[in-house]
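K.L.:
build me a structure from this.
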Amino acid sequence: MNIDSRIKFRHLVCFLEVARQGSLARAADVLAVSQPAISKTLKELEDLLDASLFERGKSGASLTEAGVAFLRYAGPCVQALRDGVNSLRGGEYASSTVRLGVLSTVESLLMPETVRRLHQRHPALVVSVVTGPSAHLLSQLRVGELDLVVGRMTESPQIQGLAFEHLYSESMTLVARAGHPLLGRPLPPSALDDWPLVLPLAGTTIRKSADSLLVQSGLGQPRQRLETLSTVLSRRYVLTSDALWIAPLDSVRLDLRSGEIVELPLDVQEPGGSVGVCSNSTLPLSLGAHWCLEVLREVGEAYREGTYP
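P.N.:
Numbers count the residues shown, from 1 in each chain. Alright, predicted model coming up:
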């Protein structure tokens, strides 16, 4: 069966953005077109496919069974075309690209080491990294705009239907700068009341772990907080102030060794979450993604054996 030549690139882009946003209005904002234009383009595509792709309701637009089936092919199709255009524009015909979604928990140590090993072995490999909350990155993975997502994400609802591979476990810890007034004495329940606290963004997977650690330790949240997924901002703020930080251990491991940042003793230890790599098993992995997965497994094994970092 021949592909209907009336199906245009704009139809696929529109379909993917509505699937990603779950809303015609939000998709229209992202694509900088009117909502009626989005509706018209979708209607054209559905007529050409002779299938309903979305269930529309007050809560937004959700994929139908036909929409889910079409999504498996539309995402990689659009991304392949974009990659082809970019490779010609750059003149790098022999290069390969891997598109990674990277959570803040692995920015500091896992990913720099992974990229270092990849570039040692594959001189023409382009590693394209997108950072952000797990929900956003997993939605991009689902529609084929990312090859892999790396980090701590097993508790995210968006992981349903995707393949997750465990690399190593990582706990969270409460830290402060060296010389902080709270160091050297037990922490009462009101210990955090007088100090700013750095936490992951509300609603994220890692924030749930941070909140759980506070509850189990009998500590309350102060009114003065910095909520961010940026480990660079968190680290700099803690080093230059009296703020406390509930941090993923990887984010502060080297600072703990150097003594610039110090752990505060808690009555309980966070059990640790699974750091791993997520892929979309309904889509074929690119060559670059296969290379990256191989190296991630190597570095993950080094973590488990204690030989890295």
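K.L.:
what pairs with the helix or strand encompassing residue 198, parallel or antiparallel?
P.N.:
Secondary structure from DSSP states H and E places residue 198 in strand 197-199. The pairing partners recorded for strand 197-199 under DSSP bridges are strand 225-227 (parallel), strand 244-248 (parallel).
K.L.:
point out the most buried one among those strands.
P.N.:
strand 244-248 (a mean of 28; mean count of other C-beta atoms under 10 Å). Bear in mind the C-beta positions are built from the backbone N, C-alpha and C, glycine included.
K.L.:
now the helix or strand following it: buried residues?
P.N.:
Next along the chain after strand 244-248, taking DSSP H and E as the criterion, comes helix 249-258. Within helix 249-258, the residues scored as buried using 16 or more other C-beta atoms under 10 Å are 249, 250, 251, 252, 253, 255.
K.L.:
then stretch 226-246?
P.N.:
Judged by neighbour count (16+ other C-beta under 10 Å), stretch 226-246 contains these buried residues: 226, 229, 230, 231, 234, 235, 237, 238, 243, 244, 245, 246.
K.L.:
with respect to residue 138, which of those residues is nearest?
P.N.:
If you rank these by distance to residue 138 using C-beta to C-beta, residue 229 comes first, at 14.6 Å.
K.L.:
pretty sure that closest one sits against residue 201.
P.N.:
Yes. Counting by C-beta atoms under 8 Å, residue 229 touches residue 201, with 5.4 Å between them.
K.L.:
on that earlier part again, could you export the buried residues of helix 249-258 to JSON lines, including columns for pLDDT and distance to residue 195?
P.N.:
Shown next, in JSON lines, are those (pLDDT from 0 to 100; distance: C-beta to C-beta, whole Å):
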{"residue": "249", "pLDDT": "92", "distance to residue 195": "21"}
{"residue": "250", "pLDDT": "92", "distance to residue 195": "23"}
{"residue": "251", "pLDDT": "93", "distance to residue 195": "19"}
{"residue": "252", "pLDDT": "95", "distance to residue 195": "17"}
{"residue": "253", "pLDDT": "94", "distance to residue 195": "22"}
{"residue": "255", "pLDDT": "96", "distance to residue 195": "18"}
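K.L.:
of all these, which comes closest to residue 39?
P.N.:
Nearest member of the buried residues of helix 249-258 to residue 39, counting by C-beta to C-beta, is residue 251, at 44.3 Å.
K.L.:
got the contact list for the spatially closest residue to that closest one that is not a sequence neighbour?
P.N.:
The shortest distance from residue 251 to any non-neighbouring residue, by C-beta to C-beta, 6 or more residues apart in numbering, is to residue 231 (4.5 Å). For residue 231, the contact set (C-beta atoms under 8 Å, 6 or more residues apart in numbering) comprises 104, 107, 108, 247, 248, 251.
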